[in-house]
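Student: Model the following, please.
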Amino acid sequence: MKKAILNTLKFLFFLGAGIFLFWLIYKDQDVTALKKDLSNIHYFWIAISVLFLTFSHVIRALRWQMMIKPLGYTSGFLNAFFAVLITYFANLAIPRLGEVSRPTILKKYEKIPFGISFGTIVLERIIDVFFLLLLTVFVALTQGSIILRFLDNEPFVKEKIQAIINSNFLYYGLLIGVFSLIAAFVFRRYFKESFFYQKLKELTHKFFEGLRSISKVPNKALFLFYSFVIWLCYFLMFLFAFYAFDVLDDIGWIAVLTVFVMGSYGMVAPVQGGIGAWHFMVAGTLIVYGINDQDARVVALVVHTLQTLMVVLLGLISTVLLPIVNSKKDEKDIAKSSQ
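Tutor: The predicted structure is shown next:
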C-alpha cells in the first residue's frame with residue numbers, strides 16, 4: 001500500500017513539474033497563429049522522422065541481443081523489440097520505470113535473470129551517456145558561443161548549473177559511502193548471514209555479469225556500429241523533423257546538432273517524456289539561432305507531440321502483441337514436448 005502511494009505521489013510530482021514548465025513556455029501562445037503554423041507543416045518529413053525513430057529501436061533490440069547471447073541466454077527479436085518499445089512507453093508514466101519493466105518482461109518471457117538483464121541495460125545507458133558527452137564536447141568546441149548565449153538568455157539554467165557545481169552533494173555522498181563501508185565491515189559477520197545479504201549478493205553478481213557483457217561480445221566492430229547507428233538515427237530523426245518547417249530552411253546541420261544535444265539534456269530531466277524541459281531547451285536554443293519565439297515554440301511543440309504519440313502508439317501495440325506472440329510460442333513448445 002505504501003509503495004503504491006509513493007509511486008502515485010512520484011508520478012504526480014514529476015508530471016506536475018513537467019506540466020508547470022510546459023505551461024510557462026506556452027501560456028502566452030497565440031492559438032490562432034498556432035493553427036496557422038500547424039497548417040503549413042510538411043508532415044511527410046515528420047513521417048520520415050518517425051521512421052528513423054522506429055529504426056533506432058530496431059537497432060537497439062539487435063544490439064541488446066548481441067549483449068545477452070555471450071552470457072548464455074537468448075531472446076527472440078520480437079520480445080527484445082517489444083521490450084524496448086515498452087521501456088520508452090513506461091518512461092512516459094514514471095521516469096526510469098522502463099529500465100525496470102524491460103528486464104521484468106525479459107525474465108517473464110525469455111527466462112533471463114533480472115540482474116543480468118538489468119546490468120546490460122545499465123551498460124546501454126552508460127554507452128548512451130558516452131555518445132552524448134562526445135557530441136556535447138563537439139558542440140561545445142564548435143558552437144560554444146551559442147551555448148553561452150543560451151545560458152545568458154536563461155539565467156535560471158545557469159544558476160542551477162552553478163548551484164550543482166558549488167553544492168556539497170558529492171561531499172556528503174562520499175561521506176555517507178565511507179560510513180556505510182565502515183558499518184558493513186564492522187558488522188560483516190552478522191550481515192553476511194542475513195537473507196537480505198544473500199539475495200543482494202546474487203543480484204549484484206548477476207548485475208555485474210550483465211555489465212561485463214560488452215567484453216564478451218564476439219563482434220565488437222558490429223556492436224560499435226550498432227551504437228553509432230542508434231545515435232545517427234536520433235540525429236536524422238531530428239534533422240528530418242526540422243525539414244517539415246519552412247522557418248527552419250536556413251538552419252544548418254551543425255545548428256540542428258546543437259539543438260539536438262541541448263534537447264537531449266532536456267529529455268534526461270526527471271519528468272515524463274521530457275515534457276516541458278525538452279520544449280524549454282529546444283525552443284530556447286532555436287531562439288539563439290535567430291528563430292522567433294512563436295516559431296521556436298511551435299517547432300518544439302509539434303516535434304515532441306508527434307514523437308510522443310508514436311511512442312505511445314508503438315508501446316500500446318507492443319503491450320498487446322507481447323503476450324499474443326509468446327502464447328503462440330508456448331503452444332509450440334507444448335506441442336513439441338508432447339511428441
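Student: Give me the residues contacting stretch 316-331.
Tutor: 76, 78-79, 81-83, 85-86, 89, 105, 109 (Cβ atoms under 8 Å, 6 or more residues apart in numbering). Heads up, the C-betas are built off the backbone N, CA and C, glycines and all.
Student: try stretch 214-222
Tutor: Applying Cβ under 8 Å, 6+ apart, the external contacts of stretch 214-222 come out as 66-67, 70-71, 123, 223.
Student: Just the buried subset of those, please.
Tutor: 66-67, 71, 123, 223 (16 or more other Cβ atoms under 10 Å).
Student: Just put the residues you listed in TSV and tack on secondary structure, pLDDT and distance to Cys233.
Tutor: Listed next are these as TSV, based on DSSP: H, G, I helix; E, B strand; the rest coil; pLDDT from 0 to 100; distance: Cβ to Cβ, whole Å:
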residue	secondary structure	pLDDT	distance to Cys233
Met66	helix	89	17
Met67	helix	87	18
Leu71	helix	81	26
Leu123	helix	85	19
Phe223	helix	91	16
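Student: how about those, which pair is most distant?
Tutor: Spatial extent of these (Cβ to Cβ) is set by the pair Leu71 and Phe223 at 14.0 Å.
Student: Report the buried members of the contacts of stretch 316-331.
Tutor: Neighbour counting with 16+ other Cβ under 10 Å marks 78-79, 81-83, 85-86, 89, 105, 109 as buried within the contacts of stretch 316-331.
Student: now those as a markdown table including distance to Ala61 and secondary structure?
Tutor: Below are the buried ones among the contacts of stretch 316-331 laid out as a markdown table (distance: Cβ to Cβ, whole Å; DSSP: H, G, I helix; E, B strand; the rest coil):
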| residue | distance to Ala61 | secondary structure |
| --- | --- | --- |
| Leu78 | 9 | helix |
| Asn79 | 9 | helix |
| Phe81 | 4 | helix |
| Phe82 | 8 | helix |
| Ala83 | 8 | helix |
| Leu85 | 9 | helix |
| Ile86 | 11 | helix |
| Phe89 | 14 | helix |
| Ile105 | 12 | helix |
| Tyr109 | 14 | helix |
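Student: Lowest pLDDT pick from those residues?
Tutor: Across the buried ones among the contacts of stretch 316-331, the smallest pLDDT goes to Phe89, namely 85.
Student: contacting residues for it?
Tutor: Neighbouring residues of Phe89 by Cβ under 8 Å, 6+ apart: 98, 311-312, 314-316, 318-319.
Student: Which of these fall in strands?
Tutor: Using DSSP state E, no member of the contacts of Phe89 falls in strands.
Student: Flag the shaky bits of this protein, pLDDT-wise.
Tutor: Counting by pLDDT under 70, the chain shows low-confidence ranges at 1-39, 95, 154-212, 270-274, 328-339.
Student: In it, where's the longest helix?
Tutor: In the chain, with assignment by DSSP state H, the single longest helix is helix 293-338.
Student: rewinding a little: export the buried ones among the contacts of stretch 316-331 to a markdown table and tack on distance to Gly144?
Tutor: Shown next, in a markdown table, are the buried ones among the contacts of stretch 316-331 (distance: Cβ to Cβ, whole Å):
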| residue | distance to Gly144 |
| --- | --- |
| Leu78 | 44 |
| Asn79 | 44 |
| Phe81 | 39 |
| Phe82 | 42 |
| Ala83 | 39 |
| Leu85 | 37 |
| Ile86 | 39 |
| Phe89 | 36 |
| Ile105 | 42 |
| Tyr109 | 47 |
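Student: From those, pick the one nearest Leu141.
Tutor: The nearest member of the buried ones among the contacts of stretch 316-331 to Leu141, counting by Cβ to Cβ, is Leu85 at 35.0 Å.
Student: That closest one touches Gly315, doesn't it?
Tutor: Yes - the pair Leu85 / Gly315 is scored as a contact, 5.4 Å apart, by Cβ atoms under 8 Å.
Student: ok, the nearest residue to Tyr289 once chain neighbours are set aside to Asn79 distance?
Tutor: With Cβ to Cβ, 6 or more residues apart in numbering as the criterion, Tyr289 has its nearest non-adjacent residue at 5.3 Å, and that residue is Ala255. Computed as Cβ to Cβ, to the nearest Å, the Ala255 to Asn79 distance reads 39 Å.
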